[in-house]
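Colleague: Give the three-dimensional model of this entry:
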Amino acid sequence: MSKPDDHEREVLRLIILGHTDEQIARQLYISPSTVRRRVRDLMKRTGARNRHHLCALAAHFGWVDVVQSPSEVSMSTVAATATPDT
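Modeller: Numbering: from 1, shown residues only. Below you'll find the predicted structure:
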């Protein structure tokens, strides 16, 4: 099984983070059809049955680092983890 290239890994990472094809396309400056093609090609190469299986394979084989950048963390997450000043 061949490893995903850098572009495919970035698409995978954004899928794992819950982004839609349209959101991924906007963030990566590509079309939604390019996102779908990259996912389809990855699924074919890896034998993944669906996107969930593809994400599980990515996690299992360590193809992606799913740490969110600060811009991807929602304010609600920040608020929920903030500690009150004492």
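Colleague: Let me see the contact set for Arg51.
Modeller: Residues near Arg51 by Cβ atoms under 8 Å, 6 or more residues apart in numbering: 15, 39, 43. To be clear about C-beta, it is placed using only N, CA and C from the backbone, and glycine gets the same treatment.
Colleague: Distance check, the last one against Arg49.
Modeller: Just to be clear, that refers to Met43. Computed as Cβ to Cβ, to the nearest Å, the Met43 to Arg49 distance reads 8 Å.
Colleague: Which one's more surrounded, the two?
Modeller: Met43 (16 against 10; other Cβ atoms under 10 Å).
Colleague: pretty sure that one is touching Leu54, no?
Modeller: Yes - contact criterion Cβ atoms under 8 Å: Met43 and Leu54 qualify, at 5.6 Å.
Colleague: could you pull out the helices for this protein?
Modeller: With DSSP state H as the criterion, the chain has helices at 6-16, 21-28, 32-46, 51-61, 75-81.
Colleague: which stretches of this protein aren't confidently modelled?
Modeller: Within the chain, the segments meeting pLDDT under 70 span 67-86.
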